[in-house]
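Asks: Quick one: sequence and predicted model below, then my questions.
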Amino acid sequence: MSAAVEIRDLHVVRGGRTVLEHLDVTIGGGVTGLLGPSGCGKSTLMRCLVGVQRTSGGSVTVFGDAAGSRALRDRIGYVTQAASVYDDLTPVENLSFFARVLGVDRSEVDRVVEAVDLGDHRDRVVGRLSGGQRSRASLAVALLGSPDLLVLDEPTVGLDPVLREDLWSLFHELADRGTAVFVSSHVMDEAERCDRLLLMREGRIIADGSPGEIKERAGAASVEEAFLAIVRRDVA
Amino acid sequence: MTPRITAAVAARVLRQIRRDRRTLALLLVLPCLLITLLWWMFRDTPVFDQVGPALLAMFPFIVMFLVTSVTTLRERSSGTLERLLAMPMGKLDFLVGYAVAFGLVAAVQAALAVGLSVGLLDLEVIGPVWLLFVVAVVDAVLGTALGLFVSAFAQTEFQAVQFMPAVVIPQILLCGLFLPRDQLPDALHWISDLLPLSYAVDAMTTLTTSAETGDVWADLAVVAGFAVAGLAAGAATLRRRTP
């Protein structure tokens, strides 16, 4: 499969601080995980993909078009770290609104409510839902219209392990059907569930490969240990 | 701009207002209560006939300014605006959607305030009453437009509320409510000529004192011009790419 996202020499400076340093990454199909401690630049990189981040240099191309171009706006589903839904509306009302903005069929609303397992809470105001339910409502919005690329910024934070398991299965299901899924997390144990991993630290990608490859190369038993080993080697 | 998306934004904003019963009650009932209070204070004097028109111009403007600046700020800080801008939504869809929604709320508010002032409190109106209503609605859209613009310069809701005294109160002081504008010192008179609320109050005052509507339409055009300029300035502050 040809690359969904091509990032060349991407440089981002925010408030005088370099957040992304001359990044070169290609993202293809499957589930790609972006792992790293909080503050390492994961969210900034994701914002670049969606085209809402002001960059200082380099290029980001998504499906052959520059990130943020008009042609891409209904092909990318994006979930920010904060649950970007309206607290005073119900999940269904939120979804119906975003569905109209995207111009997708109303039947999509029911489909995505089921996909994120919010059926029991579909008509309760989002502000009264738990944190995990709110972030699932936000995720559901990103699934509307079956986008070709999903950019998910820490979608599983604070979720019950059973639910986390379900969502990861959902990500793989979507990937199997051809959606490129790009997920960030700061929880290293989620790394094992990705087809391909990008480990990030201080604005740079320090490792790139399948979880197995990364562990093998670092001679470590877990991704967390591999991360530590790579950082130590870098410092030395 | 896409009509489907503009309508979706307006319908969603209206649904949110409907859900918030307390805000809705404040929006609709408060202006009526304050107008009644003034009528009561100045009963048996001609003062109510003099300040009534200015009040009808001020309330829609102030209320919509406040409500809009806070709601759009919330939209900016919650991430929903960023999400919408990453979708196929035009900036004008967002702004016009808000203006339409709050314009409709203002229409209900104005109908109540005008109906109360003219029907129950005997505010003397020589010109057509329906035009009083039109001025109030355009005035509310002006408040919405300025509120949208100003919300770009506030980082918190607390700051947004502070823009009220900065942007609105000078206009209230100079609009002719406290002193007819032609009696102001020259420099202040000149400044009041640059402020949109002055034209809205002029239009209301003309309507209550004369059957001639030519000047009213001219004043109304100025207020509408400011509203359009406010929306355009608001569009300039909505950026898809942010630092």
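Replies: Arrived safely, thanks for sending. Note that this is a predicted model, so its numbers are computed, not measured. Residues are numbered from 1 along each chain as shown, chains lettered A, B, ... in the order given.
Asks: got the buried residues for the longest helix seen in chain B?
Replies: The single longest helix within chain B, with elements called by DSSP state H, is helix B:47-78. Residues B:48-78 are the ones in helix B:47-78 that count as buried (16 or more other C-beta atoms under 10 Å in any protein chain shown). The way it works is simple: take the backbone N, C-alpha and C, and place the C-beta from them, glycine included.
Asks: cool, stretch B:235-243 as well?
Replies: Buried residues in stretch B:235-243, counted by 16+ other C-beta under 10 Å: B:235, B:237-238, B:240.
Asks: one step back: of the buried residues of helix B:47-78, which fall within the contact range of chain A?
Replies: By C-beta under 8 Å from any C-beta of the partner chain, the members of these lying near chain A are B:Ser78.
Asks: residues from chain B in reach of chain A?
Replies: Within reach of chain A by C-beta under 8 Å from any C-beta, chain B has these residues: B:4-5, B:7-9, B:11-12, B:15-16, B:19-20, B:78-80, B:82-89, B:240-243.
Asks: Show residues contacting stretch B:104-122.
Replies: Stretch B:104-122 is contacted from outside by B:10, B:14, B:17, B:27-29, B:31-32, B:35-36, B:39, B:48, B:52, B:55-56, B:59-60, B:63-64, B:123, B:125, B:129, B:132-133, B:136-137, B:139-141, B:143-144, using C-beta atoms under 8 Å, 6 or more residues apart in numbering or on different chains.
Asks: Separate out the buried members of those residues.
Replies: B:10, B:14, B:17, B:27-28, B:31-32, B:35, B:39, B:48, B:52, B:55-56, B:59-60, B:63-64, B:123, B:125, B:132-133, B:136-137, B:139-141, B:143-144.
Asks: quick revisit: redo the buried residues of stretch B:235-243 as a markdown table? Include distance to B:Thr205 and secondary structure.
Replies: Shown next, in a markdown table, are the buried residues of stretch B:235-243 (distance: C-beta to C-beta, whole Å; DSSP: H, G, I helix; E, B strand; the rest coil):
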| residue | distance to B:Thr205 | secondary structure |
| --- | --- | --- |
| B:Ala235 | 32 | helix |
| B:Thr237 | 33 | helix |
| B:Leu238 | 36 | coil |
| B:Arg240 | 43 | coil |
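Asks: I'd like to know which of the residues you listed is nearest to chain A.
Replies: B:Arg240 (6.0 Å; C-beta to the nearest C-beta).
Asks: and that closest one, what are its phi and psi?
Replies: Main-chain torsions, B:Arg240, degrees, to the nearest 10: phi -70, psi -40.
Asks: Give me the subset of the contacts of stretch B:104-122 that lies in helices.
Replies: Those of the contacts of stretch B:104-122 lying in helices (DSSP H): B:10, B:14, B:17, B:27-29, B:31-32, B:35-36, B:39, B:48, B:52, B:55-56, B:59-60, B:63-64, B:129, B:132-133, B:136-137, B:139-141, B:143-144.
Asks: On the strand side of things, show who the residue nearest the centre of chain A bridges to.
Replies: Closest residue to the average C-alpha location of chain A: A:Leu152 at 2.2 Å, with C-alpha atoms, centre = their mean. Listed beta-bridge partners, A:Leu152: A:Val79, A:Val183 (assigned using DSSP bridges).
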